[in-house]
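Peer 1: Pasted the sequence and its predicted model underneath.
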2 protein chains.
Amino acid sequence: MRRTAIRHPPRALLRSFPTGQTPPMPVSLSTIAIDDPSDPRVEPFRNVRDRDLVGREGFIAEGTVVLDQLLVSRRFRPTSLLILRNRLAGLAERLARFPGDAPIHVADQAVFDGIAGFAVHRGVLAHGAERGARPSAADTIAAAGGRPIIIAVGLSNHDNLGAIFRNAAAFGAGAVLCDTTSCHPLYRKALRVSVGTALTVPWCREGTGESLVAACRAAGYRVLALSPAGETPLAGLVTAGRTALCLGAEGQGLSPDLMRAVETVRIEMAPGLDSLNVATSAAIVLHRLFAGEGTAA
Amino acid sequence: MRRTAIRHPPRALLRSFPTGQTPPMPVSLSTIAIDDPSDPRVEPFRNVRDRDLVGREGFIAEGTVVLDQLLVSRRFRPTSLLILRNRLAGLAERLARFPGDAPIHVADQAVFDGIAGFAVHRGVLAHGAERGARPSAADTIAAAGGRPIIIAVGLSNHDNLGAIFRNAAAFGAGAVLCDTTSCHPLYRKALRVSVGTALTVPWCREGTGESLVAACRAAGYRVLALSPAGETPLAGLVTAGRTALCLGAEGQGLSPDLMRAVETVRIEMAPGLDSLNVATSAAIVLHRLFAGEGTAA
């Protein structure tokens, strides 16, 4: 049950309880009751709806699915938690794995909503931060260890970037490289849609599509660009070795310069229709690489 | 430019204008100015945010992408339109294709938002209705003409069902059969996410997963069920002839009874991760069928 990536001493040790029984709160679990929405100790959680990362330290993780990824992330760590009082008992096991130096704030629904600025249904908000220095593109490519890499160019839609991380994780991709015109992977909604995988799949956000393509090539990657106007139909694509896949925003797509600089691939599709969602397109190609279809002997 | 499925005389004939120029409004285009949000003539558009189809006739199509599908749909027709005054000129060509018996209501932003009940950014709402009788499952399967069929079981998430329609259309699927525990394909958000394809891909909503499987088999379809616990890995699947694909809700999945009654397929995936989005999973299988990979000679 216990994961290995926790760097801080766990807050409490819990024995296992039979399914269906609520474990009692461990006596050593220390929480901070918040009764006033303006309490400065919950500043990291204030008005999370209206803001995102810009001008703030760290990020907000919503819900237990994302929290679980934060608890096993090697790159990021939880710094503070805010939870609904009535969820305390059900979350006891997770809270026991929460690092001892991160405060756990507990509030009733009205106070909780007053802090967050909207009605929070999930009842769990964690604030997180990077453990060390932000990795460069070269660091991130090295972390991929030869596995497939996604290069996201101009992907400003939070849902799409989040879904790309989810699909990258599902098919064992090694990294996601975002150019600076793509949105930040830790924006609240992108992180939620990624089901927390933006905390575990290596990524960076720097440079341009061109500079990220060059960095991948320098590491021995063959770079493909996915586009409805791509030259090679996917079913005819033969892959071998390190493969990176460039994705552009729906509608706008990749720049003509970038398209000329790399091999281009298209997903076969019924004529006359709106193109596929970009994250769905990525999933189709990543599955093919993962399942080893079209792989050269 | 002009599509063939329009059954009503077009409202006005417009010559083409060079790109970038705004065409003048055709003199014959008749519109109804709405100055009071409580005007009974815009009843179909009242508080669209808070309601959906339940207990109402017809459905609401938002935005020009969905409107375009409504204008070419053989099953559905537009009955009334509400648009922002400042969008009139830009929409002239579409409005010219609007049937003559459907009124075009025009309002300023404040009145428009007062009718709809929220700030409408797209500025175009169409009300639509079914032209004739609702097709049965047997009608819908016949309309598929042997092309792949999706069977949606318990798909209550509007985004997911909408995305399934979009993917079905992209890969030339012939029909989507929804059981009665799935959400309605014309719910506002499902329709928007489908990019309007729920108006053009044949579908029905009736019965159970079991009854829909039986109906497909009666029409000579081989029925597969997609599940993380499926027996055959997708890369090992050989298909030939008519293929139907059962999808269950994320998390809950398909019932053990249904899983035992059909062949089950799984998409290969990295271990230990949350399963793929259901619409993304469907896209991966539909692309394979569309591209003819794994097809028996």
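Peer 2: Great, that's in hand. Here the structure is a predicted model, which is why all the values come from computation and not from measurement.
Peer 1: Around chain B, which positions in the stretch 101-250 of chain A sit nearby?
Peer 2: Residues of the stretch 101-250 of chain A lying close to chain B (Cβ under 8 Å from any Cβ of the partner chain) are A:163, A:166-167, A:169-172, A:195, A:197, A:233-235. From N, CA and C alone the C-beta is placed, and that goes for glycine too.
Peer 1: can you rerun that using 7 Å?
Peer 2: Residues of the stretch 101-250 of chain A that fall close to chain B, judged by Cβ under 7 Å from any Cβ of the partner chain: A:163, A:166-167, A:169-172, A:195, A:234-235.
Peer 1: Look at the single nearest residue of the stretch 1-150 of chain A relative to chain B and report its pLDDT.
Peer 2: With Cβ to the nearest Cβ, the shortest gap between the stretch 1-150 of chain A and chain B falls at A:V65, namely 7.2 Å. Per-residue pLDDT puts A:V65 at 91.
Peer 1: does it count as helix, strand or coil?
Peer 2: Following DSSP: H, G, I helix; E, B strand; the rest coil, A:V65 is assigned to helix.
Peer 1: Might one say that it is in contact with A:V193?
Peer 2: No. Counting by Cβ atoms under 7 Å, A:V65 stays clear of A:V193, with 10.9 Å between them.
Peer 1: Compare neighbour counts for these two and give me the winner.
Peer 2: Using other Cβ atoms under 10 Å in any protein chain shown as the criterion, A:V65 and A:V193 rank with A:V193 on top: 24 against 16.
Peer 1: what number of residues lie near the closest residue to the more buried one other than its chain neighbours?
Peer 2: The shortest distance from A:V193 to any non-neighbouring residue, by Cβ to Cβ, 6 or more residues apart in numbering or on different chains, is to A:G162 (2.8 Å). A:G162 has 25 neighbours, counted by other Cβ under 10 Å.
Peer 1: where's A:G162, which helix or strand?
Peer 2: Secondary structure assignment for A:G162, by DSSP states H and E: helix A:158-170.
Peer 1: Quick one: the helices in chain A, in order.
Peer 2: Ranges of helices in chain A, per DSSP state H, are A:63-72, A:92-96, A:109-116, A:137-144, A:158-170, A:188-193, A:209-218, A:256-261, A:278-291.
Peer 1: between those, which one is nearest to B:R122?
Peer 2: With Cβ to Cβ, the closest approach to B:R122 among those belongs to helix A:158-170: 17.3 Å.
Peer 1: Could you check the angle that closest one makes with helix B:278-291?
Peer 2: 70 degrees (axes from the mean of the first three to the mean of the last three Cα atoms, to 10 degrees).
Peer 1: got the contact list for helix A:158-170?
Peer 2: Here helix A:158-170 makes contact (Cβ atoms under 7 Å, 6 or more residues apart in numbering or on different chains) with A:150, A:152, A:155, A:176, A:182-183, A:185, A:187, A:189-195, A:197-198, A:200-201, A:247, A:277-279, A:282-283, A:286, B:269-270, B:273, B:276-277, B:280.
Peer 1: Give the PyMOL command for selecting the buried subset of these.
Peer 2: PyMOL command restricting those to the buried ones, with burial defined by 16 or more other Cβ atoms under 10 Å in any protein chain shown:
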select buried, (chain A and resi 150+152+155+176+182+183+185+187+190+191+192+193+194+195+197+198+200+201+247+277+278+279+282+283+286) or (chain B and resi 269+273+276+277+280)
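Peer 1: ok, and the closest non-adjacent residue to the residue nearest in space to the middle of chain A?
Peer 2: Central residue of chain A (Cα atoms, centre = their mean): A:A198, 1.6 Å from the mean position. Nearest-residue entry for A:A198: A:P185, 4.2 Å, with adjacent residues in sequence omitted and distances by Cβ to Cβ, 6+ apart.
Peer 1: any idea how far A:L199 is from the one you found?
Peer 2: To A:L199, A:P185 is 9 Å away according to Cβ to Cβ, to the nearest Å.
Peer 1: what's the nearest residue to A:E206 once chain neighbours are set aside in contact with, if anything?
Peer 2: The shortest distance from A:E206 to any non-neighbouring residue, by Cβ to Cβ, 6+ apart, is to A:A137 (5.6 Å). Contact analysis of A:A137 by Cβ under 7 Å, 6+ apart lists A:177, A:204, A:206-207, A:212, A:215.
Peer 1: 6 Å - rerun?
Peer 2: Counting by Cβ atoms under 6 Å, 6 or more residues apart in numbering or on different chains, A:A137 touches A:177, A:204, A:206, A:215.
Peer 1: wait, which of those is closest to chain B?
Peer 2: Nearest to chain B, judged by Cβ to the nearest Cβ, of these is A:L177 at 19.1 Å.
Peer 1: My read is that that closest one contacts A:P148, right?
Peer 2: No. Contact criterion Cβ atoms under 6 Å: A:L177 and A:P148 do not qualify, at 11.6 Å.
Peer 1: These two: which has the busier surroundings?
Peer 2: In terms of neighbours (other Cβ under 10 Å), A:L177 is the more surrounded of A:L177 and A:P148; the figures are 28 against 23.
Peer 1: Give me the neighbour count for the closest residue to A:L84 other than its chain neighbours.
Peer 2: Excluding its sequence neighbours, the residue lying closest to A:L84 (Cβ to Cβ, 6+ apart) is A:G123, at 3.7 Å. By other Cβ under 10 Å, 20 other residues sit near A:G123.
Peer 1: Same question for A:D257.
Peer 2: Residues within reach of A:D257, counting by other Cβ under 10 Å, total 9.
Peer 1: List the contacts of it.
Peer 2: Contacts of A:D257 by Cβ under 6 Å, 6+ apart: none found.
Peer 1: May I have the predicted confidence score for A:L13?
Peer 2: In this model, A:L13 is scored at 40, pLDDT.
Peer 1: Please apply the same query to the one 10 residues further on.
Peer 2: Confidence per residue is given as pLDDT, and for A:P23 that number is 50.
Peer 1: Just the CA atoms of the helix or strand of chain A with the lowest mean pLDDT, as PDB, please.
Peer 2: Least confident helix or strand of chain A, by mean pLDDT, DSSP states H and E, is helix A:92-96 with a mean of 87. The C-alpha coordinates for helix A:92-96 follow below in PDB (Å, rounded to 0.1, in the frame of the first residue of the first chain):
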ATOM      1  CA  ALA A  92      -7.400   9.200   7.100                       C
ATOM      2  CA  GLU A  93      -5.200   6.700   5.300                       C
ATOM      3  CA  ARG A  94      -4.100   9.300   2.700                       C
ATOM      4  CA  LEU A  95      -3.600  12.000   5.400                       C
ATOM      5  CA  ALA A  96      -1.300   9.600   7.200                       C
END
